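Colleague: Just the structure for this:
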Amino acid sequence: MNTYILFSNGVTDTYIEIEEELPSESYKLGTTWAEYLEGDTFVKLTDAQVNFRAAHTTASVKEVFDMTLAVIDELAAAKSRKLLEIEAADDASNEFFVNGISMWLKQDLRTTLVSNTIPALEARGKTSTLLWGWDSNGCPVSFDVPITALKQMLPDLEIYAKETYDLRMQNISSVNALNTVSEVENFDASENYPTKRSYNV
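Modeller: Below you'll find the predicted structure:
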């Protein structure tokens with residue numbers, strides 16, 4: 001039995017087992033990993049490589065070809081998982097409440113409200129504007145918020161957003177500085193977040 005590896009049409013980890021050797025006049029044959037990566041090249045495995053594959057059934061083609069299992073960097077993997085937890089905790093912090101209804105204003109919208117929208121509304125004699133949130137069923141809910149109240153809320157929200165951003169960056173820095181998998185796994189990505197703001201209008 002002859003075993004070949006083939007990289008073709010973007011498909012990797014393809015093994016071809018046939019009784020007879022492939023003739024070079026009909027097939028593009030190779031012996032190196034570089035030739036395999038060129039694509040559409042049949043690279044025959046040695047007996048030792050075939051035996052390695054049989055002994056390590058989950059090994060990749062590259063590991064089989066090299067007859068060496070890749071070393072998994074457990075610390076780096078743990079840090080990657082923890083960084084995802086940090087991002088999730090930060091996303092969850094993007095929320096405040098108006099009359100008990102959840103909502104969030106992204107930074108660009110907060111900036112626009114302060115610098116453009118509120119002055120324009122006041123110039124037209126408006127005293128309130130709509131804010132949109134979500135009820136417990138995921139349906140949009142609007143509030144007619146007095147502009148005076150909104151002008152007080154926005155600076156407070158800006159401080160809250162800065163606090164959560166600082167914590168996110170501190171957490172990322174702290175995790176990157178850890179030296180063991182245990183330390184990384186025990187790091188609480190959700191700890192020390194400030195209390196979400198709540199307003200009644």
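Colleague: Report whether residue 7 is found in a helix, as I expect.
Modeller: No: per DSSP: H, G, I helix; E, B strand; the rest coil, residue 7 lies outside any helix segment and is strand.
Colleague: Give me the number of neighbouring residues for it.
Modeller: Applying other Cβ atoms under 10 Å, we find 19 residues neighbouring residue 7. Backbone N, C-alpha and C define where each C-beta goes, glycine included.
Colleague: My read is that it contacts residue 14, right?
Modeller: Yes: the criterion here is Cβ atoms under 8 Å, and residue 7 meets it with residue 14 at 7.1 Å.
Colleague: buried sites along the longest helix along the chain?
Modeller: When the chain is parsed with DSSP state H, its longest helix is helix 147-177. Neighbour counts over helix 147-177 (16 or more other Cβ atoms under 10 Å) mark 147, 149-150, 153-154, 157, 160-161, 164, 167-168, 171-172, 175 as buried.
Colleague: That one: what's the following helix or strand?
Modeller: helix 181-186 (DSSP states H and E).
Colleague: Alpha carbons only: can I get that next one in CSV?
Modeller: Provided in CSV are the C-alpha atoms of helix 181-186 (Å, rounded to 0.1, in the frame of the first residue of the first chain):
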residue,chain,number,x,y,z
VAL,A,181,-2.0,28.7,33.4
SER,A,182,-3.4,28.6,36.9
GLU,A,183,-3.0,32.3,37.4
VAL,A,184,-4.7,33.0,34.1
GLU,A,185,-7.6,30.7,34.8
ASN,A,186,-8.2,32.2,38.2
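Colleague: Alright, that wraps it up for me.
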